Structure formats: structure tokens, C-alpha cells
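Colleague: one predicted model, sequence on top.
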Amino acid sequence: MPRRRRHPLSGHPHPRRTAATRAPLRAASLAPLRAATLAPVRAAAVRTTTLAALIALTGALLPLTTPAPAAARPTGVDTSTALGFTTAPRPTAPPPADTSRPQVLRVQPVAGRKVLADVWSPAMNRAVPTFVLLPAHPAPAPLLLLLNGVGGGEDHVGWAYHTDYQDFFADKHVLVASPEGGRFSLYTDWQHPDPVLGVNSWHTFLDSELPAALAGAWALNGTRGVIGVSMSGGPALTLAATGRHHYAAAASLSGFPEVSTPLGRAVMTAMVARGGGNIHNAWGGPGDPAWLVNDPSHDVERLRGTALYLASAPGNPGPDDAADLGSATFAVGAPTEFAADLGTRHMADALRAGGVPFTYDRHTSGAHTFGLFSRELRDSWRVVGPALGA
């Protein structure tokens, strides 16, 4: 019988290795190697998915469909400029004699109760063309700011071009204002003029100048709300959190209401850079408090007392996207909505942790198309409408 080897230090015989003991030992010895091998693969997959989402969120293609007639069904992917921003700003009325006062310079009829108003902004020293849906009745009405996406509507991608929103608001007693402008601006007040994106004082315009000008032209009752989509979703909530005036309701539709986290900073930086701008001209460097001030998911107590609505989808195309199914829906819309969904879920977590009431519709499908946005707008009204009394 062969002698068993002994341990050189203890002198005890080595245990016998059988087929039953070899397999677990071999598996255990390979486990660290297998984990070390797969870890970079898993990390790369996460990085690739996140990078694709960020690229899609910040890039924006020229409209892949022609502007929809008023009666047409919603269409078009909200991806306005990935091929380059080519639409020139809309011509507006000349500056007023008194440039220190916000005012409506000109009103042009469009269709039905929809008009196009040129609104003077003293803060930006320019006129901002604004689509206005007049209320259903002549009595003083609440004001709803309905904001466009990353192209600011200047690219002819927005509520007025790709949805039937005029029909939706036809029987509602509310004045709806959708400015054209603010591409890649995050609808915030920038600290410095940008060489490419110019002077941006959109928070001041939306919070003070636009309402004052509209109140000088039409009868408003002082109640206001704001709805943002895609790029403007987060800024809509920030407006309600930091504005000088109370917002009865605020909604983010497929937005990214997360700013000061590492992911949020990456998204905001890349979004502005995609338009040729420098995020440091907006909110300064990484340590600047402006990042936290403009993050609606930070200090959510600021939103208490406002009726809040959030909506997002995982990014997989579904029935709401049927009119837009195509390569852009999968290549751009799907990962964009994936990123928006991530940021919206983080916002919901922050509100939940802070005990601030909100309503969140997380749809089972949707790929950042105007079909999805139109559904989210309709769904939001059960929260926004009663808060506005409209």
C-alpha cells in the first residue's frame, strides 16, 4: 500500500483526494479567476449601456418627419439636432421703445384659439416667439407653461408641431404658453454669456417676464403651473422649487430631474456640449452651489405644496410609439428614454424619502417619441388640471 504524504510542518497525513472532493476544490480555485474575468465584462456592459443612453439623451436628430398638420396624429421623435442645428430662429417684431419692461410686442393668429405672440425679455434683450393657446372662456384663467425639449422648439420639433395638444386643451379653461427658444439651455439662468449659445436667462423669463407680459395682454387669475418634457422636465420641477412665485402644479414628462449626482452632471454637461455650449457658463465648476440649487432632487422640501407629476418609460418601444417606429426610435429614442427613466426613478426615490407627495406613472413601454409624450400629457392632467382649477 503506497505511503500517504505528510504535511511538512504538522507531520499529519494529507487527506485523500477523491473524485468527489476534486470537483469542489477545482471550482473553488477557479471562482476568483472567473469573477476577476467577468467583472470587467459586466462593468463594460454597464458603461456601454449608460454611455449609449447619455449620447442619445444629449444628441438630437433633425426631425425625421415633416411637421404635422393640426389634425394629424402625434408623430416625430424628440431628437432635434444630432445632425447639426440648421433651423434659423423665427423672425420677431422689432424691440419696443421701453426695453426694460416685459411685454407682448405682436400677436399673430395661427389656427382657432392658437396664436403666436412675440414676448419681449429684458433679461435676454430679445423677443421670444411664444405659441399661446387661449382659454376656452373669457373669464380670467390660470397659466400653464408647456415647455419644449432640447431644441427649444426652434428646430420645429415640439408640442405645436408634432402633437394634437390644441385639441386636448380645446375644452379646458387655461392659457397655455409654449416659448420657442432656449435650445440646449436647460431653461436656467446662466452665470455668463456663452460664445455659442449666447445669453440665457430662461428661469427669469419663465418665472417673471413671460407671465407678466401675458397678464398684460390677456386675463389671468394668478394661478400657474408648468409641464416640461425631455430636456425641460427637470427645469420644470426646478422652476417650481426655486421660482419667486408659487406653482400649483409641476410635471416632468420623460425628463431627467437629476442634476448634481455624478450621472446627472455627466448628462447635463454632455447635453450642453452637444449644442456647442460650456456647462461652466451655466452653473460654474463642480463645486459651485448652483448645481445643487438647480437640482430638483436635492432638498425636495422646496416642492412641498405643489402638485407633482412624473412620467417615464423603460425605453422599449410600445403601442404609443407606433407612429414613429423606425431606426431612430430604436437607435435614439429607446436609449434616451432609458436614461430619462433612470433619472425620473431617482427623483421619485428622493421625493418618497422626503415624504413629499407626488404621482408617478412609470409606463411598461415607451421610446421617447411624441406618441409617448402625448399620452403622458393626457395622463398628467388628472394631477395638473385640478391643481390649476382648469
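Modeller: Nice, thanks for sending it over.
Colleague: any idea where the strands of the protein begin and end?
Modeller: Across the chain, reading from the start of the chain, the strands by DSSP state E fall at 103-111, 114-121, 126-133, 141-146, 175-179, 220-229, 249-253, 307-312, 359-362.
Colleague: the longest one pairs with which strands?
Modeller: Using DSSP bridges, the neighbouring strands of strand 220-229 in the sheet come out as strand 141-146 (parallel), strand 249-253 (parallel).
Colleague: same check, this time on the first one
Modeller: Strand 103-111 has the following strand partners under DSSP bridges: strand 114-121 (antiparallel).
Colleague: give the bridge partners for the nearest residue to residue 379 once chain neighbours are set aside, please.
Modeller: The shortest distance from residue 379 to any residue other than its chain neighbours is 5.4 Å, reached at residue 361 (C-beta to C-beta, 6 or more residues apart in numbering). Where C-beta positions appear, they are placed from N, C-alpha and C, glycine not excepted. In this entry, residue 361 is beta-bridged to residue 311, by DSSP bridges.
Colleague: measure residue 361 to residue 305 for me?
Modeller: From residue 361 over to residue 305 the distance is 21 Å, taken as C-beta to C-beta, to the nearest Å.
Colleague: the two: which is more packed in?
Modeller: Taking residue 361 and residue 305 together and counting by other C-beta atoms under 10 Å, residue 361 has the greater number of neighbours (17 against 13).
Colleague: make CSV out of the strands paired with strand 220-229 and add distance to residue 293, mean pLDDT and mean neighbour count.
Modeller: Listed next are the strands paired with strand 220-229 as CSV, based on distance: least, C-beta to C-beta, whole Å; pLDDT from 0 to 100; neighbours: other C-beta atoms under 10 Å:
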stretch, distance to residue 293, mean pLDDT, mean neighbour count
strand 141-146, 19, 98, 25
strand 249-253, 16, 98, 30
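Colleague: closest to residue 274 out of the strands of the chain?
Modeller: Proximity to residue 274, assessed across those by C-beta to C-beta, is greatest for strand 220-229 (17.4 Å).
Colleague: show me what counts as buried in the closest one.
Modeller: Buried positions in strand 220-229, judged by neighbour count with 16 or more other C-beta atoms under 10 Å: 220-221, 223-229.
Colleague: for the residue nearest to residue 379, what are its contacts?
Modeller: Under the criterion of C-beta atoms under 8 Å, 6 or more residues apart in numbering, the neighbours of residue 361 are 309-311, 376, 379.
Colleague: then residue 124?
Modeller: 199-201, 205.
Colleague: same deal with residue 94?
Modeller: By C-beta under 8 Å, 6+ apart, the residues touching residue 94 are residue 105.
Colleague: ok so, going back, a markdown table for the strands paired with strand 220-229, including distance to residue 175?
Modeller: What follows is these, written out as a markdown table (distance: least, C-beta to C-beta, whole Å):
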| stretch | distance to residue 175 |
| --- | --- |
| strand 141-146 | 5 |
| strand 249-253 | 14 |
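Colleague: can I get the buried residues of strand 220-229 in a markdown table with pLDDT and distance to residue 123?
Modeller: As requested, the buried residues of strand 220-229 are arranged in a markdown table below (pLDDT from 0 to 100; distance: C-beta to C-beta, whole Å):
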| residue | pLDDT | distance to residue 123 |
| --- | --- | --- |
| 220 | 97 | 20 |
| 221 | 97 | 25 |
| 223 | 98 | 24 |
| 224 | 98 | 18 |
| 225 | 98 | 22 |
| 226 | 98 | 18 |
| 227 | 98 | 22 |
| 228 | 98 | 20 |
| 229 | 97 | 24 |
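Colleague: going by distance to residue 286, which of those wins?
Modeller: Out of these, the member with the shortest distance to residue 286 (by C-beta to C-beta) is residue 228, at 24.6 Å.
Colleague: could I get the pLDDT score of the closest residue to that closest one other than its chain neighbours?
Modeller: Distances taken as C-beta to C-beta, 6+ apart place residue 236 nearest to residue 228, at 3.0 Å, with adjacent residues excluded. We note a pLDDT of 98 for residue 236 in this prediction.
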